[in-house]
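Student: The amino acid sequence is not available; the structure is as follows:
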Ligand SMILES: NC(=O)c1ccc[n+]([C@@H]2O[C@H](COP(=O)([O-])OP(=O)(O)OC[C@H]3O[C@@H](n4cnc5c(N)ncnc54)[C@H](OP(=O)(O)O)[C@@H]3O)[C@@H](O)[C@H]2O)c1
């Protein structure tokens, strides 16, 4: 395993399970000091303990990223403990589905609060620090739902589309400060989020029946792309939204 992130300080929001946990594991394998930021006070510390027993350099900081003060406290604590933030991965997110006409105002606000503001607040705090250092890499986790039309979750899709627009806006504004901003757009990946959205295994398989690569994604599929975008291997790449979806978004 290469050591692209030897001694880099990496924050992964929502790193306690699913896609975020796979991202945490890959960064740790490549030498990073990783900080998991998540909400559940039991799960995060348990996962952190288990990873440490395997030799990973991982810490947990409890933070609800939808609260600006907690996002700011997260970045401040990481700088205090580890001296810097080299990479921020805004992975925390949530999904709710309903027919378009049944999506309440509260559901729209919840989807935008966790998926959009939960990306904006940690980014703002991290950028203030990265700007002073003249470097940094930020990767947002958007979704295929923000790239192509999908029925049944308009609010989630709009929020993920907003993250893609945010990626471009941040990239152009922050490039002169040495900060790169990119996004990944996963298709359906086997995690708790997918199990809740689509509990029936047959229905899960139907999601990918016509996909070019004919399978659901695994969290590790997304982690590899995130590490590429965070690393110097993508040094001339900013403002991009990379689809990792088994080819689903290229279909007519
Ligand atoms: N799975 C898919 O098919 C799929 C497809 C496209 C995009 N995505 C996106 O990929 C990302 C990860 O998805 P996943 O499937 O791995 O989800 P997941 O299994 O539901 O995990 C969500 C993670 O986000 C954290 N989180 C939720 N709300 C938070 C908050 N307010 N503050 C801090 N942390 C919070 C959770 O922490 P706690 O456990 O502490 O609550 C958990 O670690 C999300 O942005 C999702 O929209 C997923």
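Tutor: Now that the structure is in, tell me what you want to look at. Keep in mind that what you see is a predicted model, and the values were worked out from it rather than measured.
Student: Give me the residues contacting stretch 94-104.
Tutor: 107, 110-111, 114-115, 152-156, 193, 196-197 (Cβ atoms under 8 Å, 6 or more residues apart in numbering). Where C-beta positions appear, they are placed from N, C-alpha and C, glycine not excepted.
Student: in that stretch, what's buried?
Tutor: 94-97, 103 (16 or more other Cβ atoms under 10 Å).
Student: from the contacts of stretch 94-104, which is closest to the ligand?
Tutor: Within the contacts of stretch 94-104, proximity to the ligand (Cβ to the nearest ligand atom) peaks at residue 193, which comes in at 3.2 Å.
Student: Identify the residue nearest the closest one in space, chain neighbours excluded?
Tutor: Leaving aside its sequence neighbours, residue 193 sits nearest to residue 95 (Cβ to Cβ, 6 or more residues apart in numbering; 5.4 Å).
Student: State the distance from that neighbour to residue 11.
Tutor: 22 Å (Cβ to Cβ, to the nearest Å).
Student: Okay, and the beta partners of the closest residue to residue 82 other than its chain neighbours?
Tutor: Closest residue to residue 82 apart from its sequence neighbours, by Cβ to Cβ, 6+ apart: residue 9 at 4.6 Å. Judged by DSSP bridges, the bridge partners of residue 9 are residue 33.
Student: Relative to residue 89, how far out is residue 9?
Tutor: For residue 9 relative to residue 89 (Cβ to Cβ), the value is 12 Å.
Student: what about the longest helix anywhere in the chain, near the ligand?
Tutor: Secondary structure of the chain per DSSP state H: the longest helix is helix 154-174. No - using Cβ under 6 Å from any ligand atom, helix 154-174 stays clear of the ligand, coming no nearer than 6.8 Å.
Student: Mind telling me what element residue 149 is part of?
Tutor: Using DSSP states H and E, residue 149 maps to neither a helix nor a strand.
Student: wait, what's in contact with it?
Tutor: Here residue 149 is in contact with residue 157 (Cβ under 8 Å, 6+ apart).
Student: Is the residue nearest to residue 56 when sequence neighbours are not counted in a helix, a strand, or coil?
Tutor: Spatially, and ignoring its direct neighbours in sequence, residue 56 is nearest to residue 28 (3.6 Å; Cβ to Cβ, 6+ apart). Following DSSP: H, G, I helix; E, B strand; the rest coil, residue 28 is assigned to helix.
Student: Over to residue 4?
Tutor: coil.
Student: ok, now how distant is residue 215 from residue 187?
Tutor: Taken as Cβ to Cβ, the span from residue 215 to residue 187 is 10 Å.
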